[in-house]
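S.K.: sequence-free structure coming up:
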């Protein structure tokens, strides 16, 4: 009987279920979008109940579109939008509030208050992260502080906390009837609450945030059996792999050696560099857990997180109406040779790495009467490459040796104009894999390794294949001149948002 592994990819805009064969090929896909809820400027929420329902639908959809029988699926892996935070009543299963999404900036006041004593890096030595609205801890604190009655219930042990992987596992393994309350080390490392060295919740961080330990899930490895599905289209299937979405892409891209790196281009973009079995400190980048297979030592990574890349193209489409579909951006941008000295810095809700400035806001600079929509579209695409250049530079500063190539994945790698420009500004090849769904594939590999479908990371490396490579061909002097202009544009964004805005 054939063997397959499924992966739930619970993303920022949609949920998917993808079925892979043992060669890492896709044999079935189901996908459903969910609502983006914006109660106020800077607030971004999801309805956890809607996501829970979407996941059940996409599992059925993927099975219906394939020839795979339910009993042939040997394991399920989960990858998820990280940092997004949900609290729910363990007795009813109902969320006490909508999930607060990673992009949400409502916690800026909490972050500023916490930074008054010890500065923005007061917890960095413990968790590898600066104080930021990006992470889960302040989001959980906001819910406890602002939703009536929740703090008391949480302290009594009746409210559960989780990133989306935790919420999904709990529901799929029985919910109120014995649901398993766990997370993995990669997602836990994005909360600001886990000690990177002990891989356990930090009492100091919990005290700073004012969060009760009783609400937290158990931290487990990224590849082991957590429980089995119940009351689902797929019953009694082990859930045996969990990786935050960017760590899953690192795994799916077979970046298992120190110094190997990948960049994922989605709503935002995320560079991860494998740093081996020791966490590497950095003032500009995040120190995070890359993955942990069963009882093996954890593997760490440096991460350059960029808030807005693909979301900039969505802004062109949905807010400005310059394009009708995201793929149109490539053709429109190709109508001009350059941006006409126009630069777009998409600091819609602040800047992440390497600046970590919540007070930044987006700018479009260099406009003249000559500027047209093609120039603006090209500037939006190029902003993705320039932001990636900044985090690559920061990673090279922190690591012992600069990496010589960059593996790329995510929706934007279909844009060949962007990929060529990325190679040009980095001065190293960019390489697209044969299977572009590396995030879901990484979660599937982690799940399959836990139950013996694959023997280990050597099988992952063997399955990985190169689809296309872009070599740099722009004059280095021109690159550096334009990079300097980009950095000038970034300076225009800083300090725009003020307290009380």
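M.R.: Structure received. Just so it is clear, the structure is predicted and the values come from calculations on it, not from any experiment.

S.K.: Which other helices and strands does whatever helix or strand residue 170 lives in contact?
M.R.: Following DSSP states H and E, one finds residue 170 within helix 164-172. Where contact means 3 or more CB pairs under 8 Å, 6 or more residues apart in numbering; DSSP states H and E, helix 164-172 is packed against strand 4-10, helix 48-64, strand 73-80, strand 85-89, strand 159-163, strand 182-184, strand 223-228, strand 238-244. No exception for glycine: its C-beta is placed from N, CA and C like everyone else's.

S.K.: Please compute how far it lies from its chain's middle.
M.R.: Offset of helix 164-172 from its chain centre (CA atoms, centre = their mean, to the nearest Å): 17 Å.

S.K.: Show me what it is in contact with.
M.R.: Defining contact as CB atoms under 8 Å, 6 or more residues apart in numbering, one finds that helix 164-172 is touched by 8, 10, 48, 51-52, 55, 76, 78-81, 84, 86, 88, 93, 99, 160, 162, 179-184, 187, 217, 226-227, 229-230, 232, 239, 242, 244.

S.K.: Now, of the residues you listed, which are buried?
M.R.: In these, burial by neighbour count holds for 8, 10, 48, 51-52, 55, 76, 78-81, 84, 86, 88, 93, 99, 160, 162, 179-184, 187, 217, 226-227, 229-230, 232, 239, 242, 244, counting by 16 or more other CB atoms under 10 Å.

S.K.: show me where pLDDT drops low in this protein?
M.R.: 1, 400-401, 499-501 (pLDDT under 70).

S.K.: which helix is the longest one in it?
M.R.: Determined from DSSP state H, the single longest helix within the chain is helix 373-398.

S.K.: I'd like the next helix or strand past that helix.
M.R.: strand 406-409.

S.K.: give the contact list for residue 276.
M.R.: Per CB under 8 Å, 6+ apart, neighbours of residue 276: 258, 299, 300.

S.K.: hang on, the earlier thing: now for the helices and strands packed on helix 164-172, which one comes closest to residue 313?
M.R.: Among the helices and strands packed on helix 164-172, the nearest to residue 313 by CB to CB is strand 4-10 (20.1 Å).

S.K.: quick revisit: compute the inter-axis angle for the helix holding residue 170 and helix 48-64.
M.R.: 70 degrees (axes from the mean of the first three to the mean of the last three CA atoms, to 10 degrees).

S.K.: Begin at 48 from now on, thanks
M.R.: In the new numbering, first residue 48, that becomes helix 211-219.

S.K.: Enumerate the positions of helix 211-219 that are buried.
M.R.: By 16+ other CB under 10 Å, the buried positions in helix 211-219 come out as 211, 212, 213, 214, 215, 216, 217, 218, 219.

S.K.: For residue 436, give its distance to residue 414.
M.R.: From residue 436 across to residue 414, the span is 23 Å (CB to CB, to the nearest Å).

S.K.: what's the answer for residue 362, then?
M.R.: 17 Å.

S.K.: neighbour-wise, which of these two wins?
M.R.: Ranked by neighbour count (other CB atoms under 10 Å), residue 362 and residue 414 place residue 362 first, with 17 against 14.
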